[in-house]
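1. Have a look at this prediction, sequence included:
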Amino acid sequence: QWIYLDGNYVTKEDAKVSVYDHGFLYGDGIFEGIRIYNGNIFKCKEHLDRLYDSAKSIMLNMPLTYSEMQEALVETVRRNGLRDGYIRLVVSRGAGDLGLDPRRSPKASVLIIVEQLSIYPEEAYRNGLKTVSVSTRRNVPDALNPKIKSLNYLNNILVKIQANLAGVGEAIMLNSQGYVAEGSSDNIFIVKRGIVYTPPCYCGALEGITRAAIIALCAKLGYTLKEEPFTLHDVYVADEVFFTGTAAEVIAVREVDARIIGEGKAGPITTHLLQEFRGIVEVDGVS
Ligand code: PMP
């Protein structure tokens with residue numbers, strides 16, 4: 001396995017960053033999780049757009065141009081020889097001193113890790129996940145704008161801990177007003193009477209690339225999609241519920257807080273969207 005670290009390709013053992021790196025000291029940095037399907041980097045442009053927007057917003061000087069970054073991604077994937085897998089691209093503020101001041105970190109650090117992905121078993125896509133809502137809240141709007149994919153993932157970690165305690169793989173986080181925001185690392189959708197709903201980003205949802213792909217698919221397939229705030233009640237009484245994310249793709253939910261959703265398995269619209277999504281991943285990408 002070869003890891004890209006600031007222009008070099010190093011082994012896992014040699015992939016080391018400074019203890020003064022502000023990504024480590026403060027979670028000061030940004031990242032992307034990207035899929036490789038069939039040797040292609042899926043939605044490469046969308047991920048790089050989000051990364052460069054995040055960088056601009058937090059005033060992080062990217063050490064690579066957009067096209068250099070794309071080349072680094074392609075080359076790291078090539079060196080690892082994976083046809084299907086997952087890319088973690090991290091840009092941290094870089095090594096500085098112990099103070100917060102980002103001006104003390106003159107050079108951002110870039111690392112790219114390519115790995116095999118362990119995802120949910122195929123059975124989970126048919127039968128759906130069991131999930132719960134958790135007490136961790138997403139405060140919006142705040143400095144951690146959900147559109148910035150920053151390394152500050154403490155909220156998401158707390159959601160994950162609560163999911164673990166409940167024995168489920170993903171959980172639902174609300175925002176401070178009580179509206180549904182997203183999962184620990186997935187966006188959420190519900191379907192009611194044939195209409196598909198997902199929370200707007202201002203409710204605390206990341207502008208997920210898979211979310212955007214599903215919104216586009218809904219338009220193409222003729223499903224009405226509404227980005228509007230909804231509550232847990234709406235989730236409980238939905239006909240279908242599903243999560244979307246780079247790793248999870250489109251995964252149905254069969255139970256939320258002990259309420260059975262629809263028939264207690266992946267519903268027809270969720271199944272249709274998953275099928276169509278799997279169709280586009282095979283053809284769309286940078287290689
Ligand atoms: N929300 C959060 C908090 C995430 O970390 C992710 C994973 N990147 C998502 C949603 C899904 O976004 P995407 O489809 O871009 O992977």
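-> That came through fine. Residues are numbered from 1 along each chain as shown.

2. Around the ligand, which positions in this structure sit nearby?
-> Within the chain, the positions near the ligand by Cβ under 6 Å from any ligand atom are 33, 156, 182, 185-187, 206, 208-211, 244-246. Yep, even glycine has a C-beta here, placed from its N, CA and C like the rest.

3. So which of those residues are in helices?
-> Judged by DSSP state H, helices contain the following of those: N156, I209, T210, R211.

4. The second one reaches E46, doesn't it?
-> The one in question is I209. Yes. With contacts counted by Cβ atoms under 8 Å, I209 reaches E46, the gap being 4.7 Å.

5. contact partners of stretch 52-64?
-> Contact with stretch 52-64 is made by 6, 28-30, 66, 69, 72, 91, 93, 102, 107-110, 145, 147-150, as judged by Cβ atoms under 8 Å, 6 or more residues apart in numbering.

6. can you check stretch 138-154 too?
-> 23, 27-32, 50-51, 53-54, 57-58, 90, 92, 155, 173-176, 181-182, 201-207.

7. Kindly report the domain assignment for this protein.
-> Domain segmentation of the chain under automatic domain parsing yields 3-115, 122-281.

8. now the last one: mean pLDDT?
-> Translated: domain 122-281. In this model, domain 122-281 carries a mean pLDDT of 95.

9. Okay, helices next: where are they in the stretch 51-200 of the chain?
-> Using DSSP state H, counting those that start in this stretch, the helices of the stretch 51-200 of the chain run over 66-80, 122-127, 154-166.

10. Let's have those in JSON lines, adding mean neighbour count and distance to S18.
-> Converted to JSON lines, those look like this (neighbours: other Cβ atoms under 10 Å; distance: least, Cβ to Cβ, whole Å):
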{"stretch": "helix 66-80", "mean neighbour count": "16", "distance to S18": "20"}
{"stretch": "helix 122-127", "mean neighbour count": "14", "distance to S18": "40"}
{"stretch": "helix 154-166", "mean neighbour count": "16", "distance to S18": "22"}
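
11. Please tabulate those in TSV, including the columns distance to L274.
-> Shown next, in TSV, are the helices of the stretch 51-200 of the chain (distance: least, Cβ to Cβ, whole Å):
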stretch	distance to L274
helix 66-80	25
helix 122-127	6
helix 154-166	22
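
12. how about these, which one is nearest K12?
-> K12 sits nearest to helix 66-80 of all the helices of the stretch 51-200 of the chain, at 11.3 Å, using Cβ to Cβ.

13. hmm, who's touching the closest one?
-> Residues from elsewhere that reach helix 66-80 (Cβ under 8 Å, 6+ apart): 1-4, 9, 34, 36, 39, 41, 44, 48, 51-52, 62, 64, 85, 87, 89, 110, 112, 114, 286-287.
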